[in-house]
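Enquirer: Give me a 3D structure for the following:
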Amino acid sequence: MLHIVVNPATGSGRGKRIFESVKPYFDSAGVAYQVHYPGGEKRLTDVVRKLSGPGDGDSDYTDIVIIGGDGSMNDAVNGIVDFERTRIGFIPAGSGNDLARDLGIPVVSGRGRHTARKREEIKSLVRTIALRKTARSMDIGVVESGEERYYFNISSGAGFDAETCYYVERSGMKRILNKIGLGRLVYILIALRLILKNESFRCEIHTEDGQTRVYEKCLFAACMDHRYEGGGFMFCPEASDNDGMLDICVANDISVMKFMRMFPMAVSGKHVKYKEIDIFRGREIYMKLDGPRHLHADGEVKTPGDEVRYHIHDKKLMLLM
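Expert: Numbering: from 1, shown residues only. Now for the predicted structure:
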């Protein structure tokens with residue numbers, strides 16, 4: 001049995017329509033499935049938590065398919081109770097789609113417009129998921145700040161990227177632009193507004209090998225398990241989701257003019273050539289900030305913190321695709 005969990009808010013509220021567009025592919029694959037629509041007090045995380053609890057003896061695994069965006073997958077990974085018996089399939093339908101970009105899987109449009117080639121790619125993705133076999137495994141990042149502890153699939157950080165997520169989350173522009181297929185644009189618009197303020201902070205980063213890096217004018221510090229964040233910016237070109245390591249990208253002491261030159265280059269990862277960008281790796285990262293600042297995990301804004309520990313979970317996320 002596949003449990004298909006549909007985020008009704010994905011694709012600017014087109015979650016149900018998105019599922020209906022892929023439903024024929026699940027039907028033709030001949031797999032039994034049950035559809036779940038979180039809503040009200042029943043969050044996506046709660047649905048996954050209930051499904052991934054103690055087994056009912058029907059199978060060695062609980063197979064869950066998430067239809068939504070990167071935030072939906074973040075909700076899902078934070079709801080998993082037993083990583084050793086839970087497998088996840090993902091049909092991406094968000095606005096940023098950084099996880100899909102790195103995994104190389106097609107995105108389903110909430111507007112229902114797909115080329116013949118895209119329809120075949122989506123159909124192939126559903127067929128692979130319907131096989132109900134572990135296709136690959138992926139590292140899971142862990143964030144600990146104060147009394148909070150949560151997981152991330154893509155990235156987590158403090159500073160400019162977290163502030164961008166904070167204002168995007170509270171902006172009505174994202175919902176409006178999503179309706180015309182330009183949801184990614186809101187990140188760029190808000191990022192440009194924030195960079196003109198050019199607010200920096202002091203940041204110390206310690207790694208498990210005893211190294212300490214100090215940044216007096218830090219713009220942002222991002223710990224990444226995948227290459228992309230922010231809707232297609234390749235901040236860590238060498239990041240891998242299966243090496244047990246986190247890649248860290250720190251931007252420090254950058255003028256507004258230089259940032260304007262560097263920002264477009266981050267799409268292809270060419271920003272790394274600048275001396276203001278520091279990229280390194282570690283298994284455990286301890287970050288001390290000069291005061292409480294917004295944190296994000298996969299673009300989801302978390303409680304501000306000033307001391308943060310990052311590491312890789314000892315379990316992996318098993319994927320059906």
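Enquirer: Where do the domain boundaries of this protein fall?
Expert: The chain breaks down into these domains under automatic domain parsing: 2-133, 142-313.
Enquirer: Looking at these, spot the one closest to M321.
Expert: domain 2-133 (4.9 Å; CB to CB). Bear in mind the C-beta positions are built from the backbone N, C-alpha and C, glycine included.
Enquirer: That closest one: end-to-end distance?
Expert: End-to-end distance of domain 2-133 (CA to CA, to the nearest Å): 12 Å.
Enquirer: coming back round to it: looking at the domains of the chain, which is nearest to L319?
Expert: domain 2-133 (5.8 Å).
Enquirer: Low-confidence stretches in the stretch 151-300 of the chain?
Expert: 172-185 (pLDDT under 70).
Enquirer: how does it look with 50?
Expert: Regions of the stretch 151-300 of the chain meeting the criterion pLDDT under 50 are absent.
Enquirer: Would you map the strands across it?
Expert: Using DSSP state E, counting those that start in this stretch, the strands of the stretch 151-300 of the chain run over residues 155-159, 201-207, 212-224, 246-252, 277-282, 284-297, 300-312.
Enquirer: So for N74, which of those strands sits nearest?
Expert: Short answer: strand 300-312, nearest of these by CB to CB, at 5.2 Å.
Enquirer: May I see the buried residues of that closest one?
Expert: By neighbour count on 16 or more other CB atoms under 10 Å, the buried set for strand 300-312 is 300-302, 304-306, 308, 310-312.
Enquirer: which secondary structure elements does it contact?
Expert: Applying 3 or more CB pairs under 8 Å, 6 or more residues apart in numbering; DSSP states H and E, one finds that strand 300-312 makes contact with helix 70-77, strand 141-145, strand 148-152, strand 155-159, helix 160-169, strand 246-252, strand 284-297.
Enquirer: List the contacts of the closest residue to D298 other than its chain neighbours.
Expert: Nearest non-adjacent residue to D298, counting by CB to CB, 6 or more residues apart in numbering: N74, 3.9 Å away. Residues near N74 by CB atoms under 8 Å, 6 or more residues apart in numbering: 151-154, 297-300.
Enquirer: Would you format the helices and strands packed on strand 300-312 as JSON lines with distance to A93 included?
Expert: Listed next are the helices and strands packed on strand 300-312 as JSON lines, based on distance: least, CB to CB, whole Å:
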{"stretch": "helix 70-77", "distance to A93": "9"}
{"stretch": "strand 141-145", "distance to A93": "23"}
{"stretch": "strand 148-152", "distance to A93": "20"}
{"stretch": "strand 155-159", "distance to A93": "20"}
{"stretch": "helix 160-169", "distance to A93": "18"}
{"stretch": "strand 246-252", "distance to A93": "27"}
{"stretch": "strand 284-297", "distance to A93": "20"}
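Enquirer: Deepest-packed of the ones you listed, please.
Expert: strand 155-159 (a mean of 28; mean count of other CB atoms under 10 Å).
Enquirer: which ones are touching Y25?
Expert: 122-123, 126-127 are the contacts of Y25 under CB under 8 Å, 6+ apart.
Enquirer: Out of those residues, which end up buried?
Expert: Here the buried ones among the contacts of Y25, as counted with 16+ other CB under 10 Å, turn out to be 122-123, 126.
Enquirer: Show me which of those residues is closest to Y274.
Expert: I122 (38.2 Å).
Enquirer: what's the nearest residue to the closest one if we skip its chain neighbours?
Expert: P106 (5.1 Å).
Enquirer: The one you found: what secondary structure?
Expert: At P106 the chain is in coil, as set by DSSP: H, G, I helix; E, B strand; the rest coil.
Enquirer: how far away is it from R132?
Expert: 20 Å (CB to CB, to the nearest Å).
Enquirer: Among the two, which residue is more densely surrounded?
Expert: Comparing P106 with R132 by neighbour count (other CB atoms under 10 Å), the higher total belongs to P106, at 19 against 15.
Enquirer: Return the residues in contact with the more buried one.
Expert: 92, 100, 118, 121-122, 125.
Enquirer: let's go with 7 Å and repeat that
Expert: Listed by CB atoms under 7 Å, 6 or more residues apart in numbering, the contact partners of P106 are 118, 121-122, 125.
Enquirer: Find me the pLDDT at it, would you?
Expert: For P106, the pLDDT comes out at 96.
Enquirer: gap between the residue nearest to D298 and I80?
Expert: The value you get for N74 to I80, if CB to CB is used, is 11 Å.
Enquirer: quick one: which of the buried ones among the contacts of Y25 sit in strands?
Expert: Among the buried ones among the contacts of Y25, no member falls in strands (criterion: DSSP state E).
Enquirer: of these, closest to S268?
Expert: I122 (26.3 Å).
Enquirer: what's the closest non-adjacent residue to L194?
Expert: E163 (5.7 Å).
Enquirer: I figured that neighbour hits H294, correct?
Expert: Yes: assessed by CB atoms under 7 Å, E163 is found in contact with H294 at 5.8 Å.
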